[in-house]
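*Asks:* Need coordinates for the following:
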Amino acid sequence: MRFAVSPMWEVGTSFRLLTSGSAHPVHRPWLEQVRPRVAAAGLDRGWLAELIPPSGYVPDFLNPAPAGPAPALAEELARIRAAPAGRVRQDLDHLEHHQGRAGPRSRTLYAEPQARLARVAEEIETYWELALAPYWARVRAVLDADVFHRARQVAEYGAGHLFNDLHTSVSWDDNTLRLVRRQRTLSRTTAGAGLLLIPSAFTGPSLLTRVTPPDPPQLAYPARGIGSLWESRPATSTGALAAVLGRSRTLLLTELDAPASTTELARRTGLSPAGVSQYLTALRDAGLVSAHRAGRSVLYARTAAAESLLTAANP
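*Replies:* Down below sits the predicted model:
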């Protein structure tokens, strides 16, 4: 049994939430920022829109078993591009069985898996840059904190305690892992080797599973701390940090609670656009902000290093 943080699990679950049209009580700030970008890029009518339905089954080839504890998106996309044609067609048959007639892109993917998987991967990269990359430091911090908490549970109380605290639909009893409302019985010999536990920020209240031997079964569960994911940092004194970074650079860091463009930051701070651009370049070179293309503009976001720096300066 092991834990993993998977970018592709966040891609699938977040895309489903975006296209559902609902106003999620926790993710509303993220939805309001990202939905217009995704629609403007036409991603709500592309490959992902056909492969990730509003509910139910998602093709298993989109969630390859993470090889390590925290694979990069590029690693998982390489696995998707290399998915065997038989696996892709089997998953698409399963999707059509549950959702009805396949869409035009799904049919071309069925006919030419190797050629079309590259297009699917390209669209996933575009979606990642628009919807998740600018927020990944914040999301990743929540997922890593969940893994740390769960690993400590295992160390102190054992795996049984972990499972009984993981989700209301999961229990461990009599040497058996039980999942409510799942009819398929799996043994150690038929389920694949081991078990992968994957915390997710966007699953909602549900527990999601992927069982495709010989890969280990995957359980994607809601991570702890999601309720505070989009909360703004409380206004605190930044004098100590400004003495090191300078007042303007510190001001820009504190304004980046949510990703923003140079123009927006200039409007909010009163700094000139040229000055904002210069300061952001310096912060990016220092590893404190990251830049992400969103249509014709570039969004800047705080990195994990910047979050740590602000926390250290305001204990």
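*Asks:* Now the residue nearest to Gly194 when sequence neighbours are not counted: phi and psi?
*Replies:* With sequence-adjacent residues excluded and distances taken as Cβ to Cβ, 6 or more residues apart in numbering, Gly194 is closest to Pro216, at 4.1 Å. Every C-beta, even on glycine, is put in place using the N, C-alpha and C of the backbone. Main-chain torsions, Pro216, degrees, to the nearest 10: phi -70, psi 150.
*Asks:* The one 5 residues further on now?
*Replies:* Taking degrees, to the nearest 10, you get phi -130, psi 160 for the backbone angles of Tyr221.
*Asks:* Let me know the pLDDT of it.
*Replies:* Residue-level confidence at Tyr221 comes out at 95, pLDDT.
*Asks:* Who are the contact partners of it?
*Replies:* Applying Cβ atoms under 8 Å, 6 or more residues apart in numbering to Tyr221 gives the contacts 166-167, 170, 197-200, 203, 207-208.
*Asks:* measure it to Ala4 for me?
*Replies:* Separation of Tyr221 from Ala4 (Cβ to Cβ, to the nearest Å) stands at 12 Å.
*Asks:* Overlap in contacts, these two.
*Replies:* Shared contacts of Tyr221 and Ala4, defined by Cβ under 8 Å, 6+ apart, are found at 197-198.
*Asks:* Leu162: how many residues sit nearby?
*Replies:* Residues lying near Leu162 (other Cβ atoms under 10 Å) number 21.
*Asks:* If you could redo that for Leu62, that was the one I meant.
*Replies:* Counted with other Cβ under 10 Å, residues neighbouring Leu62 total 22.
*Asks:* Spatially, what comes nearest to Tyr57 if we skip its sequence neighbours?
*Replies:* Nearest non-adjacent residue to Tyr57, counting by Cβ to Cβ, 6+ apart: His98, 4.7 Å away.
*Asks:* Correction: the previous question concerned Pro213.
*Replies:* That would be Gly192: by Cβ to Cβ, 6+ apart, it lies 4.3 Å from Pro213.
*Asks:* pretty sure that neighbour is in contact with Thr209, am I right?
*Replies:* No: using Cβ atoms under 8 Å, Gly192 is not in contact with Thr209; the gap is 11.9 Å.
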